[in-house]
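Engineer: I would like to see how this sequence folds:
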Amino acid sequence: ERQARAAGAAEDADRQEEIDKLLTVQQVLQSHPFRGINRKVQLKPTAWRVVTAEDGYECEEPTECLFILKWGGELTALGEAQAEFLGVKFRNSLYPGDGVGGGVLRLHATYRHDLKIYSSDEGRVQTTAAAFTRGFLDLEGALPPILASLVSKDKKATTMLDDTCEAGRSGMDSSKQIIHRVLTSEDPISALEARTSADFAQSSGGASLPPLTLNAECAVPAFCRASLAQLVQGQPPRQALHRLADLITQLVGELRLRVAHLPLSSSGVWRINSRDRSLDVALEKEAAPANGETPLLQLGRWLQLQKDFYKAKKAKFDTTKVPDIYDCAMYDMVHNRHLGLKSLPALYEAAHRLAAFVVPQEYGIEAHEKVSIGLQIASSMLDKFLCDLLAGMDSERHVEERVHRPDSSAPTDVRSRQRHVRTRLYFTSESHIHSLFNVLRWGADVVHAQDGRSDAASDGVNSIFSEEARAKFDSLELNYLTHIVFRVLHKTNLDANLPSSYAVQVLV
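Structural biologist: Numbering: from 1, shown residues only. Presented below is the predicted three-dimensional model:
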């Protein structure tokens, strides 16, 4: 009887969880007009059955499907301004100028700038691409015309910049499982460092999973290990999760008080009852969350994270929500600091330290895993980059990249009619940026290890980055507007048919 009650309680909890998901879908559909590039609905069949049609032929029909409702959010005015500023800086820093203000703009205006811009399907990514282009080409006007006329977002581009293959997702899922086991462990870090693969396999019911150690042999940046060690301060990592959950509870309490004390209508909009309307409007702007978000929506955002991150009845954490918590905390620190939320700075600091450890490891724990997952996720994009680099050195052998341009055999400056510059810009998702970065950073080391060579390989092929650059990567956080630049430079005094006449710069 006791087991039956427990089974019934578990079934009720699962049913309630499904109802909560449906209520979340309803809330998203009703909160805003569901249209535009930031919103997407997908139905993906997950189970099939064989049925016999009327004509006697057998066919498959779906019996279960996964319903995906995605609201990617909208780019803020600050994000748009930052993207446009980066475009201006990109133009002024990386392209040759004549000291008068010409440079790439002069080339572009006279059809000597071969420019193509690609973007993923994500709404914020497309808006970022348009804002960057406006600054890069010194354009004026609204973003939609720029997006429609200059940014390529066809199926081929979105497949290259947006899709993640099943093998890549599987590798990331394995990494997330290991991260979850480490962060929910009751053992101190000193004990975790001694854990072996057999220990993790035993704790996972026999599943073969690689270990996560916090030593130098693991491809974990030093600042991640240091931040986690500082966060837990010798205590079990699970205590850090409990502290983060407590800080979220404190913040939710503050937001509840704000909602309870503000004169709100049922729709979450301020009522202006004062005789001095201008004063009330000023107070409204001072107390309101930024970017048109109402206090009720802000509270709902954190309530959803609180519910998803920690299931109190099951005493279970969902460590995959740590990046989402950090993103929300950073957003409020940047845009809603004027609200004076006392628990927000501590919440941001705790979420930042955990995310600094979690996010890089989601794309592989050790170096060879990072490279393997990176190649699986970004293989199409990497192939396109290679084609771009080769075309920059010899467009005649790459028919798809051939362009009509003047003869550039003679050394000329930017004001010459013979000068030609070729540019390819790619705007993609966080997963593809992490994948590209991991392949560039760890690829050479993994190849040398597989070949049984040391870093000082006899053929002189080491990492493409200098030791000074590699040391700085430990403190590098990949976030919005992180960019990696490949520059193909031709030494005009050498024969263009010789590979040695070209140099490739990689800037991060």
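
Engineer: Would you map the strands across the protein?
Structural biologist: With strands called from DSSP state E, the chain shows them at 39-52, 58-71, 113-119, 151-152, 310-311, 316-317, 421-427, 485-490, 502-507.

Engineer: Output the second one as PDB, restricted to C-alpha atoms.
Structural biologist: The one in question is strand 58-71. Only the C-alpha atoms of strand 58-71 are listed here, as PDB (Å, rounded to 0.1, in the frame of the first residue of the first chain):
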ATOM      1  CA  GLU A  58       2.200  -0.100 -45.400                       C
ATOM      2  CA  CYS A  59       3.300   3.300 -44.200                       C
ATOM      3  CA  GLU A  60       4.400   5.000 -41.000                       C
ATOM      4  CA  GLU A  61       2.400   7.600 -39.100                       C
ATOM      5  CA  PRO A  62       3.500   9.600 -36.000                       C
ATOM      6  CA  THR A  63       2.100   8.600 -32.600                       C
ATOM      7  CA  GLU A  64       4.000  11.100 -30.500                       C
ATOM      8  CA  CYS A  65       5.600  14.500 -31.300                       C
ATOM      9  CA  LEU A  66       7.700  17.100 -29.500                       C
ATOM     10  CA  PHE A  67       6.100  20.500 -29.400                       C
ATOM     11  CA  ILE A  68       8.600  23.300 -29.400                       C
ATOM     12  CA  LEU A  69       7.600  26.800 -28.700                       C
ATOM     13  CA  LYS A  70      10.500  29.200 -28.900                       C
ATOM     14  CA  TRP A  71      10.500  32.900 -28.200                       C
END
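
Engineer: Give me the distance from it to the chain's centre.
Structural biologist: 27 Å (CA atoms, centre = their mean, to the nearest Å).

Engineer: Kindly report the same for the last one.
Structural biologist: Using CA atoms, centre = their mean, the mean C-alpha position of strand 502-507 is found 25 Å from that of the whole chain.

Engineer: Could you list the buried residues of that strand?
Structural biologist: For strand 502-507, the neighbour count (16 or more other CB atoms under 10 Å) marks residue 502 as buried. Any C-beta I mention is one placed from the backbone N, CA and C, and that applies to glycine too.

Engineer: which residues touch that strand?
Structural biologist: Strand 502-507 has contacts (CB atoms under 8 Å, 6 or more residues apart in numbering) with 389, 392-393, 440, 464-465, 484-491.

Engineer: Tell me which of the strands of the chain lies nearest to residue 331.
Structural biologist: strand 58-71 (14.9 Å; CB to CB).

Engineer: Which strands and helices lie in contact with that closest one?
Structural biologist: Contacts defined by 3 or more CB pairs under 8 Å, 6 or more residues apart in numbering; DSSP states H and E place strand 58-71 against helix 2-31, strand 39-52.

Engineer: Just give me the lowest mean pLDDT stretch among those.
Structural biologist: Of all these, the minimum mean pLDDT falls on helix 2-31 (a mean of 71).

Engineer: Flag the shaky bits of the stretch 351-500 of the chain, pLDDT-wise.
Structural biologist: For the stretch 351-500 of the chain, residues meeting the criterion pLDDT under 70 lie at 394-419, 448-463, 496.

Engineer: Ok, which of the strands of the chain comes nearest residue 130?
Structural biologist: Closest to residue 130 of those, according to CB to CB: strand 151-152, at 6.1 Å.

Engineer: other SSEs contacting the closest one?
Structural biologist: Identification of packing neighbours for strand 151-152 by 3+ CB pairs under 8 Å, 6+ apart yields strand 113-119, helix 123-136.

Engineer: So which residues make contact with it?
Structural biologist: Residues outside strand 151-152 that contact it (CB under 8 Å, 6+ apart): 116-119, 126, 129-130, 133, 427.

Engineer: switch the cut-off to 7 Å
Structural biologist: With CB atoms under 7 Å, 6 or more residues apart in numbering as the test, strand 151-152 has contacts from 116-119, 126, 129-130, 133.

Engineer: which stretch among the helices and strands packed on strand 151-152 comes nearest residue 73?
Structural biologist: Among the helices and strands packed on strand 151-152, helix 123-136 comes nearest to residue 73, with 6.3 Å by CB to CB.

Engineer: Give me the average confidence score over that closest one.
Structural biologist: Mean pLDDT, computed over helix 123-136, is 92.

Engineer: then that helix to CSV, C-alphas only?
Structural biologist: Provided in CSV are the C-alpha atoms of helix 123-136 (Å, rounded to 0.1, in the frame of the first residue of the first chain):
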residue,chain,number,x,y,z
GLY,A,123,16.0,36.6,-34.5
ARG,A,124,18.4,38.4,-32.3
VAL,A,125,21.3,37.1,-34.4
GLN,A,126,19.7,38.6,-37.5
THR,A,127,19.1,41.9,-35.8
THR,A,128,22.7,42.0,-34.6
ALA,A,129,23.9,41.3,-38.1
ALA,A,130,21.8,44.2,-39.5
ALA,A,131,23.0,46.6,-36.7
PHE,A,132,26.6,45.6,-37.3
THR,A,133,26.2,46.1,-41.0
ARG,A,134,24.8,49.6,-40.5
GLY,A,135,27.9,50.6,-38.6
PHE,A,136,30.3,48.8,-40.8
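
Engineer: How far does it sit from its chain's centre?
Structural biologist: The answer for helix 123-136 is 16 Å, by CA atoms, centre = their mean.

Engineer: what do you get for stretch 315-335?
Structural biologist: 14 Å.

Engineer: Same question for stretch 493-501.
Structural biologist: That offset, for stretch 493-501, works out to 38 Å (CA atoms, centre = their mean).

Engineer: Quick check, central residue of this structure?
Structural biologist: Residue closest to the average C-alpha location in the chain (CA atoms, centre = their mean): residue 430, at 2.2 Å.

Engineer: And the helices and strands packed on strand 58-71: which comes nearest residue 374?
Structural biologist: Using CB to CB, these put strand 39-52 closest to residue 374, at 24.8 Å.

Engineer: Show me which residues of that closest one are buried.
Structural biologist: residue 39.

Engineer: Got the confidence number for the nearest residue to residue 258 once chain neighbours are set aside?
Structural biologist: Here the nearest residue to residue 258 in space, its sequence neighbours aside, is residue 295; by CB to CB, 6 or more residues apart in numbering that works out to 5.6 Å. Listed pLDDT for residue 295 reads 84.

Engineer: from memory residue 295 sits against residue 257, does it?
Structural biologist: No - Residue 295 lies out of contact with residue 257 (CB atoms under 7 Å); the separation is 10.4 Å.

Engineer: Please identify which of these two sits among more neighbours.
Structural biologist: Set residue 295 next to residue 257 and count neighbours by other CB atoms under 10 Å: residue 295 wins out with 22 against 10.

Engineer: and that one, how far is that from residue 308?
Structural biologist: 21 Å (CB to CB, to the nearest Å).

Engineer: so where do the helices sit in the stretch 201-350 of the chain?
Structural biologist: 222-232, 237-261, 277-287, 295-309, 322-335, 344-361 (DSSP state H, counting those that start in this stretch).

Engineer: closest to residue 170 out of the ones you listed?
Structural biologist: helix 344-361 (15.7 Å).

Engineer: For the closest one, buried residues please.
Structural biologist: So for helix 344-361, counting by 16+ other CB under 10 Å, buried means 344, 346-348, 350-361.

Engineer: Report the distance from it to the chain centre.
Structural biologist: 15 Å.
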